[in-house]
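Peer 1: Prediction below, plus the sequence it came from.
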Amino acid sequence: MSTDTSANHTFHIHHDAPAVVGRRERLGVRLLIVADAAFVVAMIFSYFYLRGLNANGGWVPKGGHTLSASTGWVVAAPLVIAAIAHKIGAKSRNVVTSGIVLLSMLVGGYLQWHQLAHMPFISVDDGGRHFFEGAYASNWAVLGGANMFHYIIGTFLALGLFIRRSRAKVDPTLEYWRQLTASSWFTWIAISAVLCAITTGII
Amino acid sequence: MTTLHNTSTHSRPIPNPAKSLITKLNMGTGTVVGILFALGAYYALRPAADAANFYNQQNKALLAGMFAWSIGFLVGIGAFIGPFRWLIGKDLTAEEQLYLAGDGQGIKRYFKYCTDHKVVGIQYLVGVMAMLGVGGTMAMMIRTSLAIPGGHFVGATIYNSLVGLHGITMIIAMIIVATGPFGNYIMPIMIGARDMAFPRLNALSWWVLFTAIPVLCSAWFLGGIPTGWTAYAPLSVQAGPGMNAFIATIIIFAFSTAVAGMNITATVVAMRAKGMKWNRVPIFVIGATMSVALAIPAFPTFMLAMVQTATDRVFNTGFYDANVGGSGWLYAHLFWIMGHPEVYVILLPGVAILMEIAPVFVRKPLFSFNAAVMGFAGIAGLSVLVWAHHMYISGWTPTLNGPFMVTTEMISVPTGLLFLVLLGTIWRGKPWMKLPMLALFAVIWNLLIGGITGIYLSDVPADNYLHGSMYVTAHFHYTLMGAALTGAVAGLAYWFPKMTGRMLNERAGYISFWFTQIGFQILFLGMFIAGAEGQPRRVVSFAAMYKYQNMISTGGAYLVGTGFIILLWAVIHSWRKGDIAPQNPWGAKTLEWTVPYPVPLENFDELPVITSDPYGYGKGN
């Protein structure tokens, strides 16, 4: 390999231009989103595969305890609001919008936890053993668990961004890119929640 | 460990952020905190002996303890200090970041949360060698048990666990055997970068993986895993407590792989030296990047399969229980959607190493860079469309067997391109017969055998007969061990001087090579014959008609084992007392050979600018 030495070398990995670092971080987050998206797609595949098989008529719980199609949208809505609020506030680095993002995460996280804690399709057998009634119930629980995981990561990000904006710790260049990077994540988890809501709406 | 020093690297004062917590954390603190977390989680959830749901509660406590160990270790070694400091708005100072990079800390940095990509590369190398050693020992126990009919060197239950643990240990080791050590140590230098794109995540990927090792080992003390490495449901749902170790290991490993894959891909895409256009990127970098980029979407499906297995075991969900609407086929799909691309995740970097080596040792340009890239891309693309050839005889939608047979056999085309590039490069050359070049010839032979025997398994009628036999075992060992592992050994011999500053003992390397390769042919050709005659795999007892085939195979296994022990000795001895290596012992043209040993913290004093491709042998530049 023929090489030449850069005479006017100015870039250094730990001192790269903020835009260079920012684009790199955004690429990294997008690649992680690919991994997370593969997980979500696999969950949706699992849902429709078992729904299609309906082995031994076991898709719908025995007591018919399915959840309303709106339950998925209830937990998706705060994520959509958070994604929009973050997008609006990313350029201005507005503390109010980051507060809205954090609040949406906390409210949505609570709603998701509440839904998981009050699932109507768990029964107790003669031996006192709890079990899920049917494949629909199993899939619903794991989709809800994945949403909960997204809420936890989103809350961490939202809290960090809120604290940093409140303390004026926002570097106008590098942090701007980090806001955009966070925006990729917030947008993805909102899309993921919407996909889950659509999926669980098809019973 | 080498005792070489580079004064330019160590002339700077060692950063000492005295009041920072990061100076006090290391593997020891990680282990202590990890154990405390694990015990805390286990005892908080442990079941009462007479509990109605004892089985579920026991699985819950064990899984919680295993994940708590992993998280606790990472807390104790300081992995979360950076994110926590970001959270509260007090970013790490430049001095703390330099300390995390291990600057001037000698051997201690290998036991810390060190962000230097070269340290992470060495950590991967040592870790991989340890895993291969453990997995290889289990292989020797398996072969010893199969030496004679009714040999029963170990009991049937232990044999089952040996087969499963050998499988998963080797699969994990093989996934990281090239991209771990060389992808971390060598690749950033090859592309003219000062470090990986995300140094802290780089360290995280290693230490997360490290936490999976004791978890997997714990399976031995929890009754083992009776399912083989495929862990088919519902067998895995009904298996004993050792299965929890398998589940936790896969979930932890999948997380580590996603982080590592993202980091390597981002580094290659965003941090190449000025002038390094895609057609000037070294072919090893292309192959390794395709491999990890393929792993990013593939492994989460296996992770989901394990999450569902865990919830079936802990919460009595019904993913794999047909009584409540589940299906074992679902597991098979999720597993093999990952499982077949995973073969190429392992294979591509091994072949890419050989493509890197071939031009250097025949002093000729790489034969058709574009064909090599098309070969890698074709394999990566097709590999996600072939999974159901593992399910021909499962009864799942027989009408789709034909299409899957076609897609599987189509993979021969891009694989043929890889052969073409390797053979075209060495054609009419005068090979410099050093150890890496010997390995190249061995891989061409082994991959040929592995590839051709694979065609029979992709063929529906032939697979109906061969499925589940020793033939399958021999086939994938030819591919993964004969090609990918031998390719990685070639990489070790090639880059050993750059990674350790010493030359690998040549005589020991040759002896190891011939023991290993001759033993390998005896071991697996014997197994092919036994399998073609109908001997099932994963069964400890076999009929007397397979006596000689198995005796021959076991003899070959002992030759392979001897060869690897010699290689291990050569590596350790050469690392400590080998001849000092010149900066560029092979006269290669890629960037890693332009930097001295020890490689400076940020690799290059001044970043290079690339003006040609790296294979210009015989072109006068």
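Peer 2: Yep, that arrived. Numbers count the residues shown, from 1 in each chain, chains lettered A, B, ... in the order given.
Peer 1: Next up, the contacts around the residue of chain A found nearest chain B.
Peer 2: Residue nearest to chain B within chain A (Cβ to the nearest Cβ): A:G58, separated by 2.6 Å. Yep, even glycine has a C-beta here, placed from its N, CA and C like the rest. Shown in contact with A:G58 (Cβ atoms under 8 Å, 6 or more residues apart in numbering or on different chains): A:G134, A:A135, B:G318, B:A322, B:N323, B:V324, B:G325, B:G326.
Peer 1: backbone phi and psi for it, please?
Peer 2: When read as degrees, to the nearest 10, the backbone of A:G58 gives phi -100, psi 20.
Peer 1: can you check the one 5 residues further on too?
Peer 2: Taking degrees, to the nearest 10, you get phi -80, psi 0 for the backbone angles of A:G63.
Peer 1: cool, the one 5 residues further on as well?
Peer 2: Note on A:S68: backbone dihedrals following degrees, to the nearest 10 are phi -60, psi 150.
Peer 1: if we can go back for a sec, can you tell me the closest non-neighbouring residue to the residue of chain A closest to chain B?
Peer 2: Closest residue in space to A:G58, ignoring its immediate chain neighbours: B:G325 at 2.6 Å, by Cβ to Cβ, 6 or more residues apart in numbering or on different chains.
Peer 1: and the one you found, what pLDDT?
Peer 2: Reading off the confidence values, B:G325 has pLDDT 94.
Peer 1: how about it, phi and psi?
Peer 2: phi 90, psi 0.
Peer 1: Relative to A:N54, how far out is it?
Peer 2: According to Cβ to Cβ, to the nearest Å, B:G325 stands 7 Å off from A:N54.
Peer 1: Please identify which helix or strand holds A:V60.
Peer 2: If you go by DSSP states H and E, A:V60 is not part of any helix or strand.
Peer 1: quick one: the helix ranked longest in chain A near chain B?
Peer 2: For chain A, the longest helix by residue count, based on DSSP state H, is helix A:18-53. Yes: using Cβ under 8 Å from any Cβ of the partner chain, helix A:18-53 reaches chain B at A:20, A:23-25, A:27-28, A:31-32, A:34-39, A:42-43, A:45-46, A:49-50, A:53.
Peer 1: Just want the phi and psi numbers for the nearest residue in space to B:M503 that is not next to it in sequence.
Peer 2: Closest residue to B:M503 apart from its sequence neighbours, by Cβ to Cβ, 6+ apart: B:D579 at 4.5 Å. With angles defined as degrees, to the nearest 10, B:D579 sits at phi -60, psi 140.
Peer 1: May I have the secondary structure class of A:F131?
Peer 2: Classification of A:F131 using DSSP: H, G, I helix; E, B strand; the rest coil returns strand.
Peer 1: sorry, that was for B:A231
Peer 2: Applying three-state DSSP: B:A231 is coil.
Peer 1: Now do the contacts for the residue nearest to it when sequence neighbours are not counted.
Peer 2: Leaving out its chain neighbours, the residue that sits closest to B:A231 by Cβ to Cβ, 6+ apart is B:F246, at 6.0 Å. With contact taken as Cβ under 8 Å, 6+ apart, B:F246 is in contact with B:G164, B:I168, B:L216, B:A219, B:I225, B:T227, B:A231, B:S236.
Peer 1: check which helix or strand covers B:F246.
Peer 2: Using DSSP H and E, the element containing B:F246 is helix B:242-270.
Peer 1: Now do that helix against helix A:18-53, angle only.
Peer 2: Helix B:242-270 and helix A:18-53 are oriented at 140 degrees to each other (axes from the mean of the first three to the mean of the last three Cα atoms, to 10 degrees).
Peer 1: how about helix B:242-270: buried residues?
Peer 2: For helix B:242-270, a neighbour-count test (16 or more other Cβ atoms under 10 Å in any protein chain shown) marks B:242-270 as buried.
Peer 1: distance between that helix and the chain's centre?
Peer 2: 11 Å (Cα atoms, centre = their mean, to the nearest Å).
Peer 1: Ok, stretch B:514-522 next?
Peer 2: Offset of stretch B:514-522 from its chain centre (Cα atoms, centre = their mean): 22 Å.
Peer 1: Using PDB, list the CA coordinates for it.
Peer 2: Output in PDB follows, covering the C-alpha atoms of stretch B:514-522 (Å, rounded to 0.1, in the frame of the first residue of the first chain):
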ATOM      1  CA  TRP B 514       1.500 -31.500  10.300                       C
ATOM      2  CA  PHE B 515       0.200 -33.200  13.500                       C
ATOM      3  CA  THR B 516      -3.000 -31.200  13.300                       C
ATOM      4  CA  GLN B 517      -3.700 -31.500   9.600                       C
ATOM      5  CA  ILE B 518      -2.900 -35.200   9.200                       C
ATOM      6  CA  GLY B 519      -4.800 -36.000  12.400                       C
ATOM      7  CA  PHE B 520      -7.700 -33.900  11.200                       C
ATOM      8  CA  GLN B 521      -8.000 -35.800   7.900                       C
ATOM      9  CA  ILE B 522      -7.900 -39.200   9.800                       C
END
